[in-house]
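Colleague: build me a structure from this.
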Amino acid sequence: MPARGAGLERLRLPPQRRLRRKSDFEAAYARGRRLGDSFFSIIARPNEAGGARLGLAVATKAAGSSVQRNRIRRVIRETFRLRQHDLPCVDVVVSARATVRGARNDELRASLNTLWDRVKEQCASSPRS
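Modeller: Okay, the predicted model is just below:
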């Protein structure tokens with residue numbers, strides 16, 4: 001019998017998969033590729049970290065109360081966690097737009113999954129400096 005949680009190790013979101021430093025966010029904003037839809041704006045920039053990394057920018061103005069902001073952050077982190085191994089080595093900053101306030105979680109997940117697919121196809125195929 002495999003060790004408890006051995007298969008789930010691949011699906012974790014460890015700290016090295018998160019953007020934390022201001023300089024990482026600024027580099028993504030300055031030199032990243034911009035994608036988006038009605039719910040989210042994504043900026044993706046190639047990195048040398050050996051895997052995709054996630055940064056969140058969910059503002060009060062867009063998402064509202066702390067309860068709503070945290071719900072949106074949880075949905076973003078969850079979809080990224082499940083798709084992180086499908087993505088190329090990129091730093092991704094996800095920003096919420098005002099339309100996320102009234103959206104259901106399944107709508108947000110569908111939107112993010114479509115955006116992850118776009119990141120995968122557009123950032124893996126094009127050389128960027």
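
Colleague: is it true that residue 89 touches residue 17?
Modeller: No: using C-beta atoms under 8 Å, residue 89 is not in contact with residue 17; the gap is 11.2 Å. Just so you know, the C-beta spots here come from the backbone N, C-alpha and C atoms, and that holds for glycine as well.

Colleague: what touches both of the two?
Modeller: Common contacts of residue 89 and residue 17 (C-beta atoms under 8 Å, 6 or more residues apart in numbering): 51-52.

Colleague: can you show me the CA trace of the longest helix belonging to the chain as PDB?
Modeller: Looking across the chain with DSSP state H, the single longest helix is helix 105-125. C-alpha atoms of helix 105-125 as PDB (Å, rounded to 0.1, in the frame of the first residue of the first chain):
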ATOM      1  CA  ASN A 105     -17.800  29.400  -8.400                       C
ATOM      2  CA  ASP A 106     -18.400  27.000 -11.400                       C
ATOM      3  CA  GLU A 107     -18.400  30.000 -13.700                       C
ATOM      4  CA  LEU A 108     -15.100  31.300 -12.300                       C
ATOM      5  CA  ARG A 109     -13.600  27.800 -12.600                       C
ATOM      6  CA  ALA A 110     -14.700  27.500 -16.300                       C
ATOM      7  CA  SER A 111     -13.300  30.900 -17.000                       C
ATOM      8  CA  LEU A 112      -9.900  30.200 -15.400                       C
ATOM      9  CA  ASN A 113      -9.600  26.800 -17.100                       C
ATOM     10  CA  THR A 114     -10.100  28.500 -20.400                       C
ATOM     11  CA  LEU A 115      -7.400  31.000 -19.500                       C
ATOM     12  CA  TRP A 116      -5.000  28.300 -18.300                       C
ATOM     13  CA  ASP A 117      -5.400  26.700 -21.700                       C
ATOM     14  CA  ARG A 118      -4.600  30.000 -23.400                       C
ATOM     15  CA  VAL A 119      -1.600  30.500 -21.200                       C
ATOM     16  CA  LYS A 120      -0.400  27.000 -22.100                       C
ATOM     17  CA  GLU A 121      -0.700  27.400 -25.900                       C
ATOM     18  CA  GLN A 122       0.500  31.000 -26.200                       C
ATOM     19  CA  CYS A 123       3.400  31.000 -23.700                       C
ATOM     20  CA  ALA A 124       4.800  27.700 -24.600                       C
ATOM     21  CA  SER A 125       5.000  28.300 -28.300                       C
END
